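**Q** generate a structure from the sequence data that follows.
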Amino acid sequence: MKNKILGIMILLVICLISVSVAQAGCSEGICCDKDLWAKLSENELHFAHANNVEYEINVIVISETSKEAKFKINGQITDALSEGEEYTLADDSVIEVKKIITDESPSKVIICFDYGNLQNSKSINIAEVTPAPQQKYAPGQEVTFRLKATENFENGIASPDEGFNIQFYTFDATEFTEDQMFHGAGIPGDYIPVDIVKQYNANFMSPHWTATFNVPQNPGKYYTLFTLYCSRDQNTCGHDNVLRGAHSKYLIKYEVEGDAPRQNYACDGHKAILADGEKETYVIGRTEYEIKAEKHKGNFKLNVNGEYTDWLYIETKQTMADRLQIKILDVGSDDITFCMTPGPAPPEQSQPENKIDLSNFPELFIKGNRLNGNFVVGDQAPADDVIAAIDISVSFQKYGVSKTGGAMLASEVSNYNRNIISVGRPCDNAVTAQILRSNGISAYDSNCSYGLKPGQAVVYLFEYNEYAHMLVFGYSRLETRKAARALTFQKLKGTRQWLTFDEDMPQPEEPPEETAEPEPARDIPECQKELERFKKELVEKYDNKGLPIPESFMVKYDSLHKSCFGYTENQKPPVTEETYEDCPGCRKNGACMQIGIRFLEGDAPVYCDIDHAFKPQKENGKTCMNNYECLSNTCQDGVCQSMSEQIQGIQRELEEQKSILEKIMGFFKRMFSF
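**A** Numbers count the residues shown, from 1 in each chain. Sure thing, here's the model as predicted:
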């Protein structure tokens, strides 16, 4: 019995020894006397790190016929190696092929790798950082390090265009390990922004670099990782004696301790202090700003009316899209102090020198090398309208315009003595609607089409006190975007250009004679008062709440309108709508009616569905996909709902979309601000 127990103990000892040996470099019956043992597949990458040098080992090919393998290590390609063969790299490291396995899928190779004698390395590596990093720094303290490459760095291979540069990032030491720093886990997207003062090569013809920056403001433990990298394609830096493509890295670890000294810089505007997550409203000049402070990894950003600043540091300045100027006075661990002043007034606009005609677009809106006008979209404009305005604005750069600013919301336009490019349908953009009314065009239908058909858009150009007012809108938001794109490459003429789109290409189309505007109508005062009262009621109950006006009310409005306004005898007769062979909607009495249109079939309300058939409208509670399917004209969350439910749904959507629209407008204003 004792002998049996002794035998078991001996076996356990042998097993334990085997396990330790396997951990040291033995596996699958193959032992390795070098620093690294690895089993790799073809095209597999393996990373290893030793003494501030990172090795990237890539298996280029494993040949099943010749039983050879070829490798790429830090950009250097080995010979084809058979089992038992070794290859010495430029930095004296050695790779050995121990076994090639072709009966597995995919084929594999077992290698041993020796880091070699790094003292005799011919690689370009950071050999020294001076002064020696301290263990602790004060919050925000400015530090300067001089980095020197190894003596093997070759004079003459580095230049501003060809050679090696230094870059560095700071990371939270509690989120990453030292090993992760070297193996790419701490990617630049995870770094902590710090104020970089200097980052350059002291002399491009010598292996010295200087880095000056401020450590983070907040107490904590940090890494700063310096990386020496080839500024050109990795195979053009140096010759075979250089470890080409190697990202030589150097890591310093330190702690920021103590409270950041509170600053008290002078403010010649409005001074404010906000804590993380705090939101306040300020009036600067004549503009109201809602500003929220947001902190991430010890750094602050400000959200100003939906537009985000960059990461902020003490004494940094930033100009927002509307020229509001923000200067950072102090950054604490929990709050940020800043100063706000109104920006300079935008340059005065002048009347165009050219004739008010579309053939003179975009020259009508250009003065020198800047935009002489404003782009306007509706306050609740769909994203398509904003993108359409951006498309037009970007096209100005082809004409040498370096400053294409002046983005405004419709509610910001109080003075029409300016040049205006208003984008979006009248129902989406109050400025478009106002300019149309001022020019005697006020008839509209429940679809806000203004006489347009699917696939059509219109570009209007009006003169107002010698200024140019241009309107761009389509039957739907899609046609509005297409019209904007047409403006970027197509010359138009006149003061009104209708566009039709065939296979996504705009075709200019003169409006038919029959669609000319009627002569001014005769006034019937008593009837007009009733019409205005009814119109005001519709606006208060529906338009002001962002709700669609029910079609039955629009029919009543149109009936009143016809009663109150008599047409002159020379008004042109109505035109029979043209029919088409291919109808994308539903046909009725030979006419093609668009999908979604609703009307009464006898006493039953019906709509044109996507399958080109007329179907009865649905009551509340029935499943739906589109508003027009419902009697209430409200399809919310896949169910027909009442008007009160619609209002609640719209309020939810507006809250969700508000920040998105603000970000889009913020982007629009930042992109095209002076």
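**Q** okay, CA-based contacts and neighbour counts for the rest of this
**A** Noted.
**Q** shaky segments in the stretch 101-250 of the chain?
**A** Confidence mapping of the stretch 101-250 of the chain against pLDDT under 70 gives the ranges 116-128, 149-165, 182-191, 193-207, 228-248.
**Q** same question for the stretch 251-400 of the chain.
**A** Across the stretch 251-400 of the chain, the ranges flagged by pLDDT under 70 are 260-265, 297-298, 345-349.
**Q** redo that, cut-off 50
**A** For the stretch 251-400 of the chain, no stretch has pLDDT under 50.
**Q** which parts of it are strands?
**A** 270-275, 279-284, 287-296, 299-304, 307-308, 317-319, 325-331, 335-341, 366-367, 370-371, 374-377 (DSSP state E, counting those that start in this stretch).
**Q** turn those strands into a markdown table, including mean neighbour count and distance to Asn429.
**A** Converted to a markdown table, the strands of the stretch 251-400 of the chain look like this (neighbours: other Cα atoms under 10 Å; distance: least, Cα to Cα, whole Å):
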| stretch | mean neighbour count | distance to Asn429 |
| --- | --- | --- |
| strand 270-275 | 16 | 33 |
| strand 279-284 | 13 | 26 |
| strand 287-296 | 16 | 21 |
| strand 299-304 | 21 | 24 |
| strand 307-308 | 20 | 22 |
| strand 317-319 | 17 | 28 |
| strand 325-331 | 22 | 29 |
| strand 335-341 | 21 | 30 |
| strand 366-367 | 20 | 23 |
| strand 370-371 | 23 | 21 |
| strand 374-377 | 26 | 6 |
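**Q** which residues in the stretch 401-550 of the chain form helices?
**A** Here the stretch 401-550 of the chain has its helices, by DSSP state H, counting those that start in this stretch, at 430-438, 477-489, 525-541.
**Q** JSON lines for the strands of the stretch 251-400 of the chain, including distance to Thr102?
**A** Below are the strands of the stretch 251-400 of the chain laid out as JSON lines (distance: least, Cα to Cα, whole Å):
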{"stretch": "strand 270-275", "distance to Thr102": "63"}
{"stretch": "strand 279-284", "distance to Thr102": "64"}
{"stretch": "strand 287-296", "distance to Thr102": "51"}
{"stretch": "strand 299-304", "distance to Thr102": "53"}
{"stretch": "strand 307-308", "distance to Thr102": "56"}
{"stretch": "strand 317-319", "distance to Thr102": "61"}
{"stretch": "strand 325-331", "distance to Thr102": "61"}
{"stretch": "strand 335-341", "distance to Thr102": "62"}
{"stretch": "strand 366-367", "distance to Thr102": "70"}
{"stretch": "strand 370-371", "distance to Thr102": "68"}
{"stretch": "strand 374-377", "distance to Thr102": "65"}
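**Q** out of the ones you listed, which is closest to Phe501?
**A** Phe501 lies closest, by Cα to Cα, to one member of those: strand 374-377, at 22.7 Å.
**Q** one step back: mean pLDDT lowest for which of the helices of the stretch 401-550 of the chain?
**A** Of all the helices of the stretch 401-550 of the chain, helix 525-541 carries the lowest average pLDDT, namely a mean of 63.
**Q** any idea how many residues pack against Lys398?
**A** 9 (other Cα atoms under 10 Å).
**Q** from Lys491, how far off is it?
**A** Here Lys398 is placed at a distance of 14 Å from Lys491 (Cα to Cα, to the nearest Å).
**Q** same question for Cys640.
**A** Relative to Lys491, Cys640 is positioned 46 Å away (Cα to Cα).
**Q** for these two, indicate the residue with more neighbours.
**A** Taking neighbours as other Cα under 10 Å, Cys640 and Lys491 compare with Cys640 leading, 28 against 13.
**Q** what values do phi and psi take at that one?
**A** Backbone geometry at Cys640, expressed as degrees, to the nearest 10, gives phi -70, psi 130.
**Q** so it bridges to which residues?
**A** Cys635 (DSSP bridges).
**Q** contacts only, for it.
**A** Counting by Cα atoms under 8 Å, 6 or more residues apart in numbering, Cys640 makes contact with 618-624, 627, 630-634.
**Q** nearest to Asp335 among the residues you listed?
**A** Thr634 (45.5 Å).
**Q** what pLDDT is listed against that closest one?
**A** 75.
**Q** burial measure for it, as a count.
**A** Thr634 has 26 nearby residues by other Cα under 10 Å.
**Q** what's the spacing between it and Cys624?
**A** According to Cα to Cα, Thr634 and Cys624 sit 9 Å apart.
**Q** equivalent analysis for Leu436, please.
**A** Between Leu436 and Cys624 the distance, using Cα to Cα, works out to 36 Å.
**Q** of those two, who's got more company?
**A** Higher neighbour count among Leu436 and Cys624: Cys624, with 20 against 17, using other Cα under 10 Å.
**Q** tell me the domain ranges of the protein?
**A** 1-25, 32-120, 126-256, 270-341, 358-510, 579-641 (automatic domain parsing).
**Q** excluding chain neighbours, what is closest to Val129?
**A** In space, and not counting its chain neighbours, Val129 is closest to Leu147: 4.6 Å by Cα to Cα, 6 or more residues apart in numbering.
**Q** immediately after the helix or strand hosting the one you found, which helix or strand?
**A** Taking DSSP states H and E as the criterion, Leu147 maps to strand 142-149. Next in sequence after strand 142-149, counting helices and strands by DSSP H and E, comes strand 164-172.
**Q** and the helix or strand following that following strand, C-alpha only, in PDB?
**A** The helix or strand immediately downstream of strand 164-172 is helix 178-182, counting by DSSP H and E. The C-alpha coordinates for helix 178-182 follow below in PDB (Å, rounded to 0.1, in the frame of the first residue of the first chain):
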ATOM      1  CA  GLU A 178       1.000  48.100 -19.100                       C
ATOM      2  CA  ASP A 179       0.800  45.100 -21.400                       C
ATOM      3  CA  GLN A 180      -2.300  46.500 -23.100                       C
ATOM      4  CA  MET A 181      -0.500  49.700 -23.700                       C
ATOM      5  CA  PHE A 182       2.100  48.000 -25.800                       C
END
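**Q** going forward can the numbers begin at 397, since that is how I track them
**A** Will do, 397 is the new start, and the previous item becomes helix 574-578.
**Q** I'd like the contacts of Cys1036 as CSV, with distance to Ile722 appended.
**A** Shown next, in CSV, are those (distance: Cα to Cα, whole Å):
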residue, distance to Ile722
Lys1014, 54
Glu1015, 54
Asn1016, 52
Gly1017, 52
Lys1018, 53
Thr1019, 51
Cys1020, 49
Asn1023, 45
Cys1026, 50
Leu1027, 52
Ser1028, 48
Asn1029, 46
Thr1030, 44
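**Q** what's opposite Thr540 in the beta bridge?
**A** Going by DSSP bridges, Thr540 is paired in beta bridges with Thr608.
**Q** next up, the contacts around it.
**A** By Cα under 8 Å, 6+ apart, the neighbours of Thr540 are Thr606, Ala607, Thr608, Phe609.
**Q** quick one, grab the pLDDT at Glu915.
**A** 41.
**Q** oh sorry, the question was meant for Asn813
**A** Reading off the model, Asn813 has pLDDT 86.
**Q** Met866 versus that one, what's the distance?
**A** 13 Å.
**Q** tell me which of the two has more neighbours.
**A** More crowded of Asn813 and Met866, by other Cα under 10 Å: Met866, with 25 against 16.
**Q** doesn't Ala880 make contact with that one?
**A** No. Assessed by Cα atoms under 8 Å, Met866 is found out of contact with Ala880, at 11.7 Å.
**Q** looks like the residue nearest to Val525 contacts His604 (just checking).
**A** Yes. Between Leu543 and His604 there is a contact under Cα under 8 Å: 5.7 Å.
**Q** wait, Tyr618 sits on Glu653?
**A** No. Using Cα under 8 Å, Tyr618 makes no contact with Glu653, being 11.0 Å away.
**Q** neighbour count for the two, which is higher?
**A** Tyr618 (21 against 16).
**Q** how near is the more buried one to Ile588?
**A** 9 Å.
**Q** now Gln830
**A** Taken as Cα to Cα, the span from Gln830 to Ile588 is 49 Å.
**Q** when those two are compared, which one has more neighbours?
**A** Neighbour count, other Cα under 10 Å: between Gln830 and Ile588, Ile588 has more, with 21 against 14.
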